[in-house]
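Q: Sequence and predicted structure, then a few things I'm wondering about:
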Amino acid sequence: MVKELIGRDILGIADLTTSEIQQLLELAIQLKTGKIKPQCNKVLGLLFYKASTRTRVSFSVAMYQLGGQVIDLNVSQTQVGRGEPISDTARVLDRYLDILAIRTFKQEDLETVAKYAEIPIINALTDLEHPCQILADLLTIQEKFGSLSGITLTYLGDGNNVAHSLILGGALMGMNVRIATPKDYEPNPEIVNKAKQLNQNSTEILITDDPLTAIKDSQVVYTDVWASMGQEDKAQNRIPIFQPYQVNQQLMNHAAKDAIVLHCLPAHRDEEITDEVIEGKQSQVWNQAENRMHAQKALIVSLLGI
Ligand code: CP
Ligand code: NVA
């Protein structure tokens with residue numbers, strides 16, 4: 001385990017230090033290779049206000065493999081879905097569960113739960129951040145390139161949750177992070193400033209609307225859906241706006257020769273990424289999806305101290 005993390009909440013990737021992330025990635029590799037097999041008798045709750053395949057299943061399987069139990073709290077069948085204050089729900093769940101992962105819209109709701117519950121609370125995606133995803137992404141990049149420091153990652157698409165956690169996580173790990181978005185879809189400036197403070201301007205953080213400048217010689221090319229959960233009504237209007245940011249072979253030709261392609265999934269083929277690229281030789285998306293489980297197992301083991 002990473003001892004420093006026992007009992008903590010992970011509401012954003014920058015709740016972790018560079019050293020803690022390094023240790024978590026090392027632990028994830030030990031768990032992945034079966035070198036260590038910690039066991040526990042604890043219960044993880046999953047309180048999800050949005051759909052999920054990878055996060056729900058990878059958290060569940062990780063917990064089962066650790067010998068623990070999982071309660072999937074379907075919001076539509078719990079009282080919080082009928083208007084019970086989330087602060088009350090938090091205080092009650094705190095009395096039953098050992099650890100709780102939440103997927104919701106507002107970061108403030110996650111913060112409220114963390115304030116009212118003593119148990120470790122994990123951000124399983126909000127509109128602001130997706131820290132668990134980024135831990136798996138960093139693991140995937142480290143596996144491929146042997147280290148993170150100095151690696152250049154370009155994200156193309158919407159400047160929201162996944163991009164935010166990539167900027168912060170990349171800055172913490174000494175990576176160069178370039179974000180290319182259409183105008184008006186840039187990442188939150190507060191997140192960008194926080195990332196610049198974290199890396200003390202030692203690595204590149206580029207926010208641009210030019211996909212070609214961003215991708216040039218980049219070693220990691222990353223994209224996400226153009227309309228996130230909760231924005232379904234905006235999806236059609238966004239297609240022409242985001243089209244220049246599509247990860248296709250033509251654009252990939254400007255990346256480094258040994259570049260890898262990542263996508264948090266679910267993907268909309270031939271929108272943000274072409275079928276050719278996601279199925280192509282540079283794609284690491286399936287390894288990346290698998291790594292969700294190993295990275296989150298390392299996180300659970302550390303937060304619970306097992
Ligand atoms: N990448 C990710 O979080 O996938 P799910 O929405 O399926 O959990
Ligand atoms: N940005 C996407 C990520 C899904 C894992 C969303 O919020 O829907």
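A: Cool, got the structure. Ligands and ions are numbered 1, 2, ... in the order given.
Q: Assign the residue sitting nearest the centre point of the chain to helix, strand or coil.
A: By C-alpha atoms, centre = their mean, the chain has its centre lying nearest to Gln133, at 2.3 Å. Three-state assignment for Gln133 (DSSP: H, G, I helix; E, B strand; the rest coil): helix.
Q: Also Lys50?
A: coil.
Q: Now the closest residue to Ile306 other than its chain neighbours: phi and psi?
A: Spatial nearest neighbour of Ile306, chain neighbours left out: Cys40 (4.3 Å); criterion: C-beta to C-beta, 6 or more residues apart in numbering. C-beta here means a position set from N, CA and C on the backbone, and glycine is covered the same way. Dihedral angles phi and psi of Cys40 (degrees, to the nearest 10) take the values phi -150, psi 170.
Q: what's the burial count for Cys40?
A: Here the number of neighbours of Cys40 (other C-beta atoms under 10 Å) works out to 18.
Q: Tell me, how many residues neighbour Trp286?
A: Neighbour tally, Trp286, other C-beta under 10 Å: 10.
Q: related to what we said a few turns ago, tell me the predicted confidence for the residue nearest to Ile306.
A: Cys40 carries a pLDDT value of 97.
Q: residues in contact with it?
A: Shown in contact with Cys40 (C-beta atoms under 8 Å, 6 or more residues apart in numbering): 66-68, 304, 306.
Q: now do Val285
A: Per C-beta under 8 Å, 6+ apart, neighbours of Val285: 261-263, 265, 267, 278.
Q: ok, back up a step: any idea how far the residue nearest to Ile306 is from Gln249?
A: 46 Å (C-beta to C-beta, to the nearest Å).
Q: Quick check: next helix or strand after whichever strand or helix holds Lys196?
A: In this structure, Lys196 is located in helix 189-198 according to DSSP states H and E. Per DSSP H and E, helix 189-198 leads on to strand 205-208 as the next helix or strand towards the C-terminus.
Q: got a list of contacts for that next one?
A: Contacts of strand 205-208 (C-beta under 8 Å, 6+ apart): 159, 167, 170-171, 176-181, 186-187, 192, 195-196, 199, 213-214.
Q: and if you look at stretch 75-86?
A: 47-49, 89, 109, 112-113.
Q: Let me know the average pLDDT across that stretch.
A: Averaged across stretch 75-86, pLDDT comes to 95.
Q: Would you mind measuring the gap between the ends of it?
A: 11 Å (C-alpha to C-alpha, to the nearest Å).
Q: swap in stretch 258-265?
A: 22 Å.
Q: buried stuff in that stretch?
A: 259-265 (16 or more other C-beta atoms under 10 Å).
Q: Need those in CSV (columns: pLDDT and distance to ligand 1).
A: Converted to CSV, these look like this (pLDDT from 0 to 100; distance: C-beta to the nearest ligand atom, whole Å):
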residue, pLDDT, distance to ligand 1
Ala259, 98, 21
Ile260, 98, 17
Val261, 99, 15
Leu262, 99, 11
His263, 98, 9
Cys264, 98, 4
Leu265, 98, 5
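Q: so what's the closest residue to His164 other than its chain neighbours up against?
A: Closest residue to His164 apart from its sequence neighbours, by C-beta to C-beta, 6+ apart: Ile191 at 4.6 Å. Contacts for Ile191 (C-beta under 8 Å, 6+ apart) come out as 128, 164, 167-168.
Q: For Ile273, give the beta-bridge partners.
A: Val247, Arg269 (DSSP bridges).
Q: Give me the neighbour count for whichever residue of the stretch 201-306 of the chain sits closest to ligand 2.
A: As assessed by C-beta to the nearest ligand atom, ligand 2 sits closest to Ser228 within the stretch 201-306 of the chain, at 3.3 Å. A total of 19 residues lie near Ser228 under the criterion other C-beta under 10 Å.
Q: what about stretch 93-112, average pLDDT?
A: Stretch 93-112 shows an average pLDDT of 98 in the prediction.
Q: Just the buried positions in that stretch, please.
A: Buried, per 16+ other C-beta under 10 Å, within stretch 93-112: 93-94, 97-104, 107, 109-112.
Q: now that stretch, how far from the centre of its chain.
A: Computed by C-alpha atoms, centre = their mean, to the nearest Å, the chain-centroid distance of stretch 93-112 equals 17 Å.
Q: can you give me the helices in the stretch 101-250 of the chain?
A: Secondary structure of the stretch 101-250 of the chain (DSSP state H, counting those that start in this stretch): helices located at 107-116, 131-145, 161-172, 189-198, 211-215, 235-242, 249-252.
Q: which stretch among the ones you listed comes nearest Ser58?
A: Distance to Ser58, taken as C-beta to C-beta, is lowest for helix 131-145 among the helices of the stretch 101-250 of the chain, at 8.3 Å.
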